[in-house]
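Q: Sequence plus the predicted model coming up.
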Amino acid sequence: MAITDLPVLAMLRTRMQWSQARQGLIAENVANADMPGFRPRDLAELRLDRATGAPVGGTGLAMTAPGHMAPAGQAGPGTEARRAKGFEIRPSGNGVNLEDEMMKAGDTQADYQLAASLYQHSLTTLRIAIGKS
């Protein structure tokens, strides 16, 4: 087993990948803020198994390659349309709230930076522990 295959490092890598995917969806929501009928999407909250670091939860069918089609009613793995309150939907049918999207973008960026920092410090600690500083 390689050092980078430790569960804690796998969890941090998964968290960083999830944050990256969420930032992509947030950017898509902001880019479509003026498109009539557009509904914002967000990723389902990430849950990890503490023992293995693998994501937990029934995601059902998964797209394992870029050429795969998404399951019916689903735009991508783990994405779900956020239900906008009635007063948040504009007359054009667009439900994107830019303030909410910017708050989510900031939170996601902070989560990514925390996971990246913990990953880097974990690798540094492992190097020190094996005598390679």
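A: That came through fine.
Q: residue contacts, the residue sitting nearest the centre point of the chain?
A: What sits nearest the mean C-alpha location of the chain, by Cα atoms, centre = their mean, is residue 18, with 2.9 Å. Residue 18 sits next to 43, 46 when contact means Cβ atoms under 8 Å, 6 or more residues apart in numbering. The C-beta positions use only the backbone N, C-alpha and C, and glycine is treated the same way.
Q: in what helix or strand does it lie?
A: Assigned by DSSP states H and E, residue 18 falls within helix 7-31.
Q: ditto for residue 42
A: With secondary structure defined by DSSP H and E, residue 42 is part of strand 41-43.
Q: name the helices or strands packed onto that strand?
A: Packed against strand 41-43 by the contact rule (3 or more Cβ pairs under 8 Å, 6 or more residues apart in numbering; DSSP states H and E) you find helix 7-31, strand 79-81.
Q: Output the contacting helices and strands for the longest helix seen in the chain.
A: Identified as the longest helix of the chain according to DSSP state H is helix 98-130. On a contact count with 3+ Cβ pairs under 8 Å, 6+ apart, helix 98-130 meets helix 7-31.
Q: how far does the helix it packs on sit from the chain's center?
A: Averaged C-alpha coordinates place helix 7-31 at 3 Å from its chain's average position (Cα atoms, centre = their mean, to the nearest Å).
Q: buried stuff in that helix?
A: Within helix 7-31, the residues that count as buried by 16 or more other Cβ atoms under 10 Å are 9-12, 14-16, 18-19, 21-23, 25-26, 28-29.
Q: For residue 111, state which of these is nearest.
A: Comparing the buried residues of helix 7-31 against residue 111 with Cβ to Cβ places residue 19 closest, at 5.2 Å.
Q: quick one, what contacts that closest one?
A: Going by Cβ under 8 Å, 6+ apart, residue 19 touches 108, 109, 111, 112, 115.
Q: at 7 Å what do you get?
A: By Cβ atoms under 7 Å, 6 or more residues apart in numbering, the contact set of residue 19 is 108, 111, 112, 115.
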